[in-house]
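> Just the structure for this:
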Amino acid sequence: MQPGPTLRALRDQPFELLLALEQRARDAATGERDGTAAQEWIGVAFRLGGETFLVARDEAREVMGVPVALTRVPGARPWIRGLANVRGQLLPVIDLRQYLGSGETNQGRNTRVIVVNHREIPAGLLVDEVLGFRHFGRHEFDAGTPPTLIRCEHYLAGSFRRGSEAWPVLSLRALVESPAFLQGSA
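Numbers count the residues shown, from 1 in each chain. Have a look, this model is predicted:
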């Protein structure tokens, strides 16, 4: 598809300029660039133990520091660190490493909480460090799951490969909807 005229070329044609702006806004909203579907996947990279993982950008609502005030929940499993009041909403904070059976997360200055973007199940996942956004081409995706030291194979949704590196994709939806995750009482 041929790209349309530049916006500058349309400055003396207000109606055509508005149409071009509207089309660009629609393309941006649907993830298209110049009329072609974007071939880019964006995820949030984080470290858990000595391994790095990705979560899809649309599965993470936000990344935040560890809340100062966490209220323990009596009778809850040890991996539920407690409840935090985040902007007037109660958020259960889960130690992801401990939930996966790989020991407790030692809080440090890089420790973060990834807030899950799920309509019905609020959860904040405590991780060792968030490394930021990572961009991959769709052609770098591998549906197979690489072996990981942390036992999370039930929650992996493939991986992205770049050179000799494999970046496992952790499905937050599969994690929070699993029966084991929903059984938080001890």
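
> Can you give me the end-to-end span of stretch 163-173?
One end of stretch 163-173 sits 28 Å from the other (CA to CA, to the nearest Å).

> Which residues does stretch 139-154 contact?
Under the criterion CB atoms under 8 Å, 6 or more residues apart in numbering, residues 39, 41, 48-51, 53, 97, 100-102, 156-162, 166, 168, 170, 174, 178 lie in contact with stretch 139-154. Every residue, glycine included, has its C-beta placed from N, CA and C.

> Could you rerun that using 10 Å?
With CB atoms under 10 Å, 6 or more residues apart in numbering as the contact definition, stretch 139-154 has outside contacts at 39-41, 48-53, 96-97, 99-103, 155-163, 165-171, 174-175, 178, 180.

> Of the residues you listed, select the buried ones using a ChimeraX command.
To isolate the buried ones among the contacts of stretch 139-154 in ChimeraX, judged by 16 or more other CB atoms under 10 Å, type:
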select :41,48,49,51,52,53,96,97,99,100,102,155,156,157,158,159,160,161,166,167,168,169,170,171,175
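
> got the contact list for the residue nearest to residue 57 when sequence neighbours are not counted?
Nearest residue to residue 57, sequence neighbours excluded (CB to CB, 6 or more residues apart in numbering): residue 42, at 4.6 Å. Contact partners of residue 42, counting by CB under 10 Å, 6+ apart, are 31, 54, 56, 57, 58, 133, 134, 135, 136.

> Redo those as TSV? Include distance to residue 186 and secondary structure.
Formatted as TSV, the contacts of residue 42 follow (distance: CB to CB, whole Å; DSSP: H, G, I helix; E, B strand; the rest coil):
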residue	distance to residue 186	secondary structure
31	43	coil
54	31	strand
56	31	strand
57	34	helix
58	33	helix
133	36	strand
134	36	strand
135	41	strand
136	39	strand
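
> Return the members of these classed as buried.
Buried among the contacts of residue 42 by 16+ other CB under 10 Å: 54, 56, 134, 136.

> State the phi and psi torsions of the residue nearest to the first one when sequence neighbours are not counted.
Spelled out, it's residue 54. Nearest residue to residue 54 in three dimensions, chain neighbours excluded: residue 43, at 3.8 Å (CB to CB, 6+ apart). Dihedral pair for residue 43: phi -140, psi 170, per degrees, to the nearest 10.

> same thing with residue 156?
phi -90, psi 140.

> ok, so what distance separates it from residue 88?
34 Å (CB to CB, to the nearest Å).

> Kindly report the same for residue 119.
For residue 119 relative to residue 88 (CB to CB), the value is 18 Å.

> Could you give the secondary structure assignment for the residue nearest to residue 57?
Three-state call for residue 42 (DSSP: H, G, I helix; E, B strand; the rest coil): strand.
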